[in-house]
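>>> Following is a predicted model, sequence given first.
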Amino acid sequence: MPDLSYERKARRRGYKVIAGIDEAGRGPLAGPVVAGAVILPPRFRHSFLNDSKQLSEKKRELIYEEITAPDSKIIWAAGIIHAPEIDEINILQATWKAMRLAFEGLTIEADIALIDGKPIKGFPKPHDGIIKGDSKSLSIAAASIIAKVTRDRMMLEYAKQFPEYVFEKHKGYGTKIHLAALDEHGACELHRRTFAPVRIVLERE
């Protein structure tokens with residue numbers, strides 16, 4: 001389970017305000033990539049906060065509501081990059097940009113960021129890249145919840161606009177259901193046209 005070890009190490013290095021950052025949606029064929037940024041209170045505890053991928057949808061939603069509650073002492077923000085820009089700058093650059101947007105959207109300026117994965121280029125403040133950080137740092141785990149729930153909720157709304165793709169089932173990932181719908185209906189405005197399965201469909205049109 002994640003804890004505050006990395007946050008305590010950062011404080012021992014002289015950093016006072018520490019943000020965790022994670023993303024959701026790098027792999028899907030459709031929809032945005034979303035990053036979450038979270039600043040937790042120094043002595044924050046939670047009984048089951050973990051990497052969002054390790055939690056049920058019900059638990060993710062519960063934690064999201066706790067984090068974003070008006071009376072919460074947790075500071076959070078989300079950064080969103082949509083499919084056309086992903087195609088324009090590539091998914092890696094889009095992920096980094098979403099992370100920067102989330103970090104810069106925090107209402108309190110953080111001194112350092114703990115980022116899931118490797119360090120990123122062009123980040124505005126000192127940061128540590130932590131491989132599998134969402135299972136090690138509570139700040140990153142909380143950010144993973146913000147990113148995942150924000151994106152899932154967006155995909156559920158898109159499912160109402162584009163029912164033929166059944167986005168509520170797969171959230172844009174390349175499942176058999178999604179690939180079959182893509183083959184039958186072609187690409188919509190949410191699809192990432194530079195991703196191979198979508199590009200192949202477009203080339204046939």
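Arrived safely.

>>> mind checking how far Leu114 is from Glu57?
Remark: distance between Leu114 and Glu57 (Cβ to Cβ, to the nearest Å) = 25 Å. For glycine as for every other residue, the C-beta is placed from the backbone atoms N, C-alpha and C.

>>> If you could redo that for Thr68, that was the one I meant.
Distance from Thr68 to Glu57, by Cβ to Cβ: 16 Å.

>>> Would you mind telling me which of these two has more residues around it?
More crowded of Thr68 and Glu57, by other Cβ atoms under 10 Å: Thr68, with 15 against 11.

>>> Which residues are in contact with that one?
Residues near Thr68 by Cβ atoms under 8 Å, 6 or more residues apart in numbering: 74, 76, 146.

>>> same check, this time on Ala141
Residues near Ala141 by Cβ under 8 Å, 6+ apart: 2, 20, 22, 49-52, 134-135.

>>> same thing but 7 Å
2, 49-51, 134 (Cβ atoms under 7 Å, 6 or more residues apart in numbering).

>>> Which of these scores worst on pLDDT?
On pLDDT alone, Asp51 ranks lowest of those, at 74.

>>> wait, doesn't Gly186 sit right on Ile200?
No: with contact defined as Cβ atoms under 7 Å, Gly186 does not reach Ile200; the gap is 11.3 Å.

>>> what about those two, which has more around it?
Neighbour totals were compared for Gly186 and Ile200, and Gly186 leads with 14 against 11 (other Cβ under 10 Å).

>>> Next one, pLDDT for that one please.
96.

>>> what about it, distance to Trp96?
Using Cβ to Cβ, which is the criterion applied here, Gly186 is 30 Å from Trp96.

>>> Please apply the same query to Arg13.
Taking Cβ to Cβ, one finds Arg13 at 23 Å from Trp96.

>>> for His178, same thing?
Counting by Cβ to Cβ, the gap from His178 to Trp96 is 26 Å.

>>> first to last residue in stretch 161-169, what's the distance?
The first and last residues of stretch 161-169 sit 14 Å apart, counting by Cα to Cα, to the nearest Å.

>>> Please list the outside residues in contact with it.
Residues from elsewhere that reach stretch 161-169 (Cβ under 7 Å, 6+ apart): 155-156, 158-159, 177-178, 181, 185, 188, 190.

>>> Low-confidence stretches in the chain?
The chain contains no residues with pLDDT under 70.

>>> Any idea which residue is closest to the centre of it?
Per Cα atoms, centre = their mean, the C-alpha nearest to the average position across the chain is that of Glu23, at 2.6 Å.
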